[in-house]
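Undergrad: Can you look at this prediction? I've put the sequence above it.
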Amino acid sequence: MALKITVIGTGYLGATHAAAMAELGFEVLGLDIVPEKIEMLSAGKVPMYEPGLEELLARHVAGIEGSSGRLRFTTSWEEIGEFGDVHFVCVNTPQKHGEYACDMSYVDSAFESLAPVLTRTALVVGKSTVPVGSAQRLADLLAEKAPGDVELAWNPEFLREGFAVQDTLHPDRVVVGVTSERAEKLLREVYATPVEEGSPFVVTDYPTAELVKTAANSFLATKISFINAMAEICEAADGDVVKLAEAIGHDERIGKKFLRAGVGFGGGCLPKDIRAFMARAGELGVDQALTFLREVDSINMRRRGHMVELARDAVGGDSFLGKRVAVLGATFKPDSDDVRDSPALNVAGQIHLQGGQVTVYDPKGMENARRLFPTLGYADSALEAVRGADVVLHLTEWREFRELDPAALGEVVTSRIVLDGRNALDGGKWREAGWTYRAMGRPRA
């Protein structure tokens, strides 16, 4: 008999996972405690921008014409318990307010609500990013409060915003932390299609599975901050960090990915994950093992301040008062509407607080940006954003910005000065149109 799958939490991770499981051929029931979210998903709509996700939902949500009908949504825990053989927990684990540590309240609440309705044999699978040691505690909770024969497995997610559908259907690895052959067998059944296509299936214990996600994000954050530290050196030594990155990237031990210097990383994962990792290491008595992550975090935050300084120098060096600053980008990365801990909005906000008249444009993140920074100015296009600007800041590497016509923009600005905070624009093209082009870590470029 085919497995039936439930997904607890239908945010970015959960909605994608539920749709992908239906695509893989399973009957899926998603749960959320927010009725408005369930109503939206049941209509095949998502509350965030993720390429390909709405199309995937339309193929499977019950009630949509032409769909497979394999995917439904509910607010009922009892329905979840009766329906599912495998229950994926995909709720958020944000950073605690005023602390580095991870807020486990959403995960704990989900397990507390789920356990009593598990009256038959089932496997609960955690996908949320949690501090190491959480899985065993949650397994003990299930053993105490679930009436049926219930096991726990841990299966960390590795989704990249903008590529979440692809990463779920065709993962570069599947990691499962299990304590029995039965749990491993069930998860091999769930992921049979991607494994047959070549995705590695890595079986570990609970702690290792929990550590994989935070270790991976810490490594990526370190690589980004390393090249940004090299950008600081290049600024001081008249070097070119782009050429430096190209040269060291040819070393196969280093690789080219994540070596683009700029205003640094943001979003809902890397910053909070490395901070939570440091906090957990302290609790385990091995805080010195991760002290380097403090400098990784510090370098990342310094890049935002450096962009503010470059912008201030560009408009005269003394003050932003009376100056108009255009910011191209609001999201923390392209192909997403996520503005959490966005370097672009952080820079825009700092300049605004220092008296600058800031106008922001982003292809997908405007609504979220307005909610977070309502006092900034916003425009409906890049052309309108730069109108009258004394300096233009490129802070999110959307393809739309790389394809802008510098000559057309030059007709409406006050000063043709562009600061490339992502080292992604064609500097030669902008100079040919009469612009002063300045990129981070490239004082001579």
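TA: Arrived safely.

Undergrad: Can you tell me the element the residue lying closest to Val360 once chain neighbours are set aside falls in?
TA: Excluding its sequence neighbours, the residue lying closest to Val360 (CB to CB, 6 or more residues apart in numbering) is Val327, at 4.6 Å. No exception for glycine: its C-beta is placed from N, CA and C like everyone else's. Using DSSP states H and E, Val327 maps to strand 324-328.

Undergrad: re earlier: next one, pLDDT for the residue nearest to Val360 please.
TA: Note for Val327: predicted pLDDT of 98.

Undergrad: Quick one: residues contacting it.
TA: For Val327, the contacting residues are 344, 347-348, 351, 358-361, 385, 393, 395, by CB atoms under 8 Å, 6 or more residues apart in numbering.

Undergrad: circling back to that earlier point, the strand holding Val327 pairs with which strands?
TA: Applying DSSP bridges, strand 324-328 is found paired with strand 357-361 (parallel), strand 391-394 (parallel).

Undergrad: Could you save those as TSV and add columns showing distance to Asp108?
TA: Putting the strands paired with strand 324-328 into TSV (distance: least, CB to CB, whole Å) gives the following:
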stretch	distance to Asp108
strand 357-361	37
strand 391-394	41
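
Undergrad: Could you check stretch 108-119 and say which residues are buried?
TA: Neighbour-count burial for stretch 108-119, counted by 16 or more other CB atoms under 10 Å, picks out 110-111, 114-115, 117-118.

Undergrad: What about the residues you listed, which are in helices?
TA: 110-111, 114 (DSSP state H).

Undergrad: Among these, which one lies nearest to Gly322?
TA: Nearest to Gly322 among those: Ala110, at 51.2 Å, using CB to CB.

Undergrad: do you know how far that closest one is from Gln95?
TA: Remark: distance between Ala110 and Gln95 (CB to CB, to the nearest Å) = 18 Å.

Undergrad: number of nearby residues for Leu142?
TA: Other residues near Leu142 come to 18 when the count uses other CB atoms under 10 Å.

Undergrad: Sorry, wrong one. I was asking about Val286.
TA: Using other CB under 10 Å, the number of residues around Val286 comes to 10.

Undergrad: quick one: pLDDT of it?
TA: Per-residue pLDDT puts Val286 at 97.

Undergrad: mind listing what Ala135 touches?
TA: 126, 152, 154, 177, 206-207, 209-210.

Undergrad: Would you format these as JSON lines with neighbour count and distance to Val195 included?
TA: Formatted as JSON lines, the contacts of Ala135 follow (neighbours: other CB atoms under 10 Å; distance: CB to CB, whole Å):
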{"residue": "Gly126", "neighbour count": "29", "distance to Val195": "20"}
{"residue": "Leu152", "neighbour count": "25", "distance to Val195": "21"}
{"residue": "Trp154", "neighbour count": "31", "distance to Val195": "18"}
{"residue": "Gly177", "neighbour count": "27", "distance to Val195": "17"}
{"residue": "Tyr206", "neighbour count": "22", "distance to Val195": "21"}
{"residue": "Pro207", "neighbour count": "15", "distance to Val195": "23"}
{"residue": "Ala209", "neighbour count": "22", "distance to Val195": "17"}
{"residue": "Glu210", "neighbour count": "26", "distance to Val195": "22"}
